[in-house]
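Visitor: Need the 3D shape of this:
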Amino acid sequence: NHIFGWVLEMWGYNLAARNLGIRHTVSQSIQVEPQGIGTDDMADKDIYHYTFGLSLPGGWRVDKRQYYGGYPADHLRSP
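Guide: Purely as a prediction, here's the structure:
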């Protein structure tokens, strides 16, 4: 769906898991998310969730939305 894009996959998984009775353990300490609670404390986190794109001075940018319909290169250009 053009309007919801990849978000449909997240909702699809959640609904399918619920319908199949799959249970999950939720841990608030496993992931850090930019602009989210705990962003500055990454020492004990296992996953950095790239919710938003990252832009640096000089025009360098990485954003998962750049890769709709394909995968990024094995080695991205350094900032």
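Visitor: remind me which residues of the chain are low pLDDT?
Guide: Applying pLDDT under 70 to the chain flags residues 1-2, 34-41.
Visitor: quick one, strands of it?
Guide: Listed in chain order, the strands of the chain (DSSP state E) span 31-32, 47-48, 54-55, 61-62.
Visitor: highest average neighbour count across those strands?
Guide: strand 31-32 (a mean of 16; mean count of other Cβ atoms under 10 Å). (C-beta placed from N, C-alpha, C; glycine too.)
Visitor: List the neighbouring strands of it plus their orientation.
Guide: If you go by DSSP bridges, strand 31-32 pairs up with strand 47-48 (parallel).
Visitor: what's the strand it pairs with in contact with?
Guide: 30-33, 42 (Cβ atoms under 8 Å, 6 or more residues apart in numbering).
Visitor: ok, so of the residues you listed, who is nearest residue 52?
Guide: For those, the minimum distance to residue 52 (Cβ to Cβ) is 8.8 Å, reached by residue 33.
Visitor: What about the closest one, how many residues nearby?
Guide: Other residues lying near residue 33 total 15 when counted by other Cβ atoms under 10 Å.
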